[in-house]
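Visitor: Below is the sequence, then the predicted model.
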Amino acid sequence: MTLILLVVGSYILGNVLTGSIISNFFFKKNIRIEGSGNPGARNAGRVLGKKAFVATFIGDALKGALAIFVAKWLGFEVAVELCALFAVTLGHVYPLFLKFRGGMGVSTFIGGMLAFNPLLFAVFVGLFFVFYPFLKSFTLAGLTAVLLMPILVLAFSYGIPVFIAACLLSLLLLFTHRADLKQKLMPEKG
């Protein structure tokens, strides 16, 4: 029963979109119809400015960290911690209360992975910096690091259940960025 409450609670927590809250309360705008229409940090920064970007990033990252910390506090194994992170990220990407139109999940993922294992997260960031000079794209470098996350958890001696949870999390982020990937990897010829 506690596991179900953790997963459902994490998903509901994910439904709290920081960008929407900031845009509505502080700027009297609806970020879901401004710019790209995405309530994530990147669009918040584009539409509302740097402070909104930082606040949105931190708020969304804290959701991921909170899901991990609650799972740790309840004494769940590490595979369940990543399942909680998957649930909160899924809630951010597909919020029930906002007609399943949420953000891309990156900030929530980053906060959660930092809380999950800071050293593993540092290696993840290192991979981003290794790939960026070759790919010359924040999106592609970041998603390459996300793609390698399941291999990282194996390298850190986590077992198969954690590997599977990491695969699900990586697939979710890759799926949410499918349009970006298609644009970067197969640009339209005009």
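Guide: In hand now; what should we look at? Residues are numbered from 1 along each chain as shown.

Visitor: show me what contacts Val8?
Guide: By C-beta atoms under 8 Å, 6 or more residues apart in numbering, the contact list for Val8 reads Ala87. For every residue, glycine as well, the C-beta is placed using N, CA and C.

Visitor: Within the helices and strands, which one has it?
Guide: Secondary structure assignment for Val8, by DSSP states H and E: helix 2-14.

Visitor: Could you list the buried residues of that helix?
Guide: Using 16 or more other C-beta atoms under 10 Å as the test for burial, helix 2-14 gives Leu6, Val7, Gly9, Ser10, Tyr11, Leu13, Gly14.

Visitor: ditto for stretch 49-69
Guide: Result for stretch 49-69 [16+ other C-beta under 10 Å]: buried residues 52-53, 55-57, 59-69.

Visitor: so where is the chain shaky, pLDDT-wise?
Guide: 187-190 (pLDDT under 70).

Visitor: Please enumerate the helices of it.
Guide: Taking DSSP state H, the helices of the chain run over residues 2-14, 18-26, 41-48, 50-73, 78-93, 106-116, 118-135, 138-155, 160-176, 178-185.

Visitor: Determine which of the ones you listed approaches Phe100 most closely.
Guide: helix 78-93 (8.5 Å; C-beta to C-beta).

Visitor: for the closest one, packing partners?
Guide: helix 2-14, helix 50-73, helix 106-116, helix 160-176 (3 or more C-beta pairs under 8 Å, 6 or more residues apart in numbering; DSSP states H and E).

Visitor: any chance of the ones you listed in TSV, with distance to Leu85 too?
Guide: Listed next are the helices and strands packed on helix 78-93 as TSV, based on distance: least, C-beta to C-beta, whole Å:
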stretch	distance to Leu85
helix 2-14	8
helix 50-73	6
helix 106-116	4
helix 160-176	6
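
Visitor: Relative to Thr89, which of those helices is closest?
Guide: helix 106-116 (4.9 Å).

Visitor: Contacts for the closest one, please.
Guide: 14, 40-41, 56-57, 60-65, 67-69, 72, 78, 81-82, 85, 88-89, 92, 120-121, 124, 142, 146, 149, 169, 173.

Visitor: if we can go back for a sec, which one of the buried residues of stretch 49-69 is nearest Gly159?
Guide: For those, the nearest to Gly159 is Ile68 (17.7 Å; C-beta to C-beta).

Visitor: can you pull the contacts of that closest one?
Guide: Ile68 neighbours (C-beta under 8 Å, 6+ apart): Glu81, Ala84, Leu85, Gly112, Ala115, Phe116.

Visitor: Look at the nearest residue to it once chain neighbours are set aside and say how many residues are nearby.
Guide: Counting by C-beta to C-beta, 6 or more residues apart in numbering, Ala115 is the residue found nearest to Ile68 once chain neighbours are left out, at 3.9 Å. Ala115 is flanked by 21 other residues according to other C-beta atoms under 10 Å.

Visitor: Give me the distance between Ala115 and Ile4.
Guide: Between Ala115 and Ile4 the computed distance is 21 Å (C-beta to C-beta, to the nearest Å).
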